[in-house]
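[1] Fold the following for me, if possible:
(one chain, ligands or ions: 1)
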Amino acid sequence: MSSKQKLMVVIGTRPEAIKLAPVVDAIRRSDWAECELVLTGQHKELLLPLIERFGLQVDHNLNVMRENQTLSHVTARILQSMDDLLVQSQPAAVIGQGDTASVLAGSMASFFRRIPFAHVEAGLRTGNIDLPFPEELNRVLTSRMTRWHFAPTGMAQDNLLREGFDPASIWVTGNTVIDALHMMLSQSDVALPSRPGRPFVLITAHRRENLGEPMQHICAAILQLAQLHPGMDFIYPVHPNPGVRQIVHRALQGQSNVLLVEPCDYPVFCQLMSRARLILSDSGGVQEEAPALGKPVLVLREETERPEAVALGCNLLVGTDTSRIVDAAQTLLLDRTVYDRMAHAGSPYGDGQASQRILEVLRQTLIT
Ligand SMILES: CC(=O)N[C@@H]1[C@@H](OP(=O)(O)OP(=O)(O)OC[C@H]2O[C@@H](n3ccc(=O)[nH]c3=O)[C@H](O)[C@@H]2O)O[C@H](CO)[C@@H](O)[C@@H]1O
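    Here you go, the predicted structure:
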């Protein structure tokens, strides 16, 4: 029998896989811990290429997704399956990331079984319990059940301190997404969907709160910009959600310099970010990755739980109003001074060593 401490890592969605892969890697490299990797099955098609890319070895797949399942059902299924697994595996600690049903149910199952829970990317808040829905609630509840809060930035730490958490249970580590970005950027032998010699703007938009009318406004802005800049491409990897696909394809198909492509493999997407002139996105991860690559992001949301990048000046919150998006993009594409100021504003999300810090904290507490 192994004398190593068993750390159970729970992953539900694409961003969780990206942000926990470096933690899994750090566990595997350590001489004191071993990893038991659990997929809840919230995402399938977006997740599997990542598992392969990062060379992750999956120990359990809870396979919880059913068609047209409600949030309550998916949360309950994960909670029950996690409970069974915890009894069977008896890990020394459970690690989850972010704000999905997987992290909520994972932390709750651990709490009920008195197994300490480590929350990666702790302390993100918009302060509005309805936005993003239900992620803000998931974050707030997960924090209550967490033993180790790994806050990516000082602002996230401040949120937790304001909510009364013990300062000794919070560590500022940087965001593990920067660790993941460093791991992937070294893979340069990837085929990109960009066209040789043509500069491009990179776009992602698929958040739940942007579905419907906001998404139509975003697409109208992309179309206007594409018509204003025929010498430039607008590359948009379109999320598989049918609600996104329908609007995007209807609005943008047929515009020859808008390239609607399938979701990209992570190393491909990292290369695209690093080569893009500008990024338009409603993604959380992209708001963190792009500043590390010196790329300005127009954030297609009304509020963000990542205010440090906006405060620093590398990201600009523009919302989903068509003319606001077009005006902001035009300023950046046409005014070199404004562009350079944003591109060189710096990155608040760490140095790519977050996973090592997290593992060291766990080692110090678990190995006594
Ligand atoms: C409510 C909220 O804010 N929730 C967030 C949400 O995360 P998100 O908004 O970052 O999610 P996405 O935008 O789906 O993924 C982005 C990642 O995917 C990569 N990418 C993108 C396009 C592509 O074609 N190929 C790729 O590889 C890209 O580089 C990036 O790393 O859930 C997380 C987990 O709970 C939370 O932590 C996080 O707060």
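
[2] Surely residue 243 and residue 209 touch.
    No. If you go by Cβ atoms under 8 Å, residue 243 and residue 209 don't touch, sitting 12.0 Å apart. For every residue, glycine as well, the C-beta is placed using N, CA and C.

[3] Quick check: bridge partners of residue 38?
    residue 10, residue 60 (DSSP bridges).

[4] Could you check how far it is from residue 142?
    16 Å (Cβ to Cβ, to the nearest Å).

[5] again, but for residue 157
    On the measure of Cβ to Cβ, residue 157 and residue 142 end up 16 Å apart.

[6] that older thread, so residue 243 and residue 209 - more neighbours on which side?
    Higher neighbour count among residue 243 and residue 209: residue 209, with 17 against 13, using other Cβ atoms under 10 Å.

[7] Mind checking what secondary structure residue 132 has?
    coil (DSSP: H, G, I helix; E, B strand; the rest coil).

[8] go on, residue 352?
    coil.

[9] Number of residues surrounding it?
    19.

[10] Strands of the stretch 1-150 of the chain, residue ranges please.
    Here the stretch 1-150 of the chain has its strands, by DSSP state E, counting those that start in this stretch, at 5-11, 33-39, 60-61, 93-97, 117-120, 148-151.

[11] and the fifth one, what other elements does it pack with?
    The one in question is strand 117-120. Packing contacts for strand 117-120, counted by 3 or more Cβ pairs under 8 Å, 6 or more residues apart in numbering; DSSP states H and E, involve helix 14-29, strand 93-97, helix 101-112, helix 135-144, strand 148-151, helix 354-366.

[12] The fifth one: partners in the sheet, and parallel or antiparallel?
    Think strand 148-151. strand 117-120 (parallel), strand 170-172 (parallel).

[13] and the next helix or strand after the shortest one, C-alpha only, in PDB?
    The first helix or strand that comes after strand 170-172 along the chain, using DSSP states H and E, is helix 176-185. Backbone C-alpha positions of helix 176-185 (Å, rounded to 0.1, in the frame of the first residue of the first chain) are rendered in PDB as follows:
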ATOM      1  CA  THR A 176      -3.500  28.400 -12.000                       C
ATOM      2  CA  VAL A 177      -4.700  29.300 -15.500                       C
ATOM      3  CA  ILE A 178      -1.300  31.100 -16.000                       C
ATOM      4  CA  ASP A 179       0.400  27.800 -15.100                       C
ATOM      5  CA  ALA A 180      -1.700  26.100 -17.700                       C
ATOM      6  CA  LEU A 181      -1.000  28.700 -20.300                       C
ATOM      7  CA  HIS A 182       2.800  28.300 -19.800                       C
ATOM      8  CA  MET A 183       2.400  24.500 -20.200                       C
ATOM      9  CA  MET A 184       0.500  24.900 -23.500                       C
ATOM     10  CA  LEU A 185       2.500  27.700 -25.100                       C
END
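
[14] For stretch 203-214, measure first residue to last.
    15 Å (Cα to Cα, to the nearest Å).
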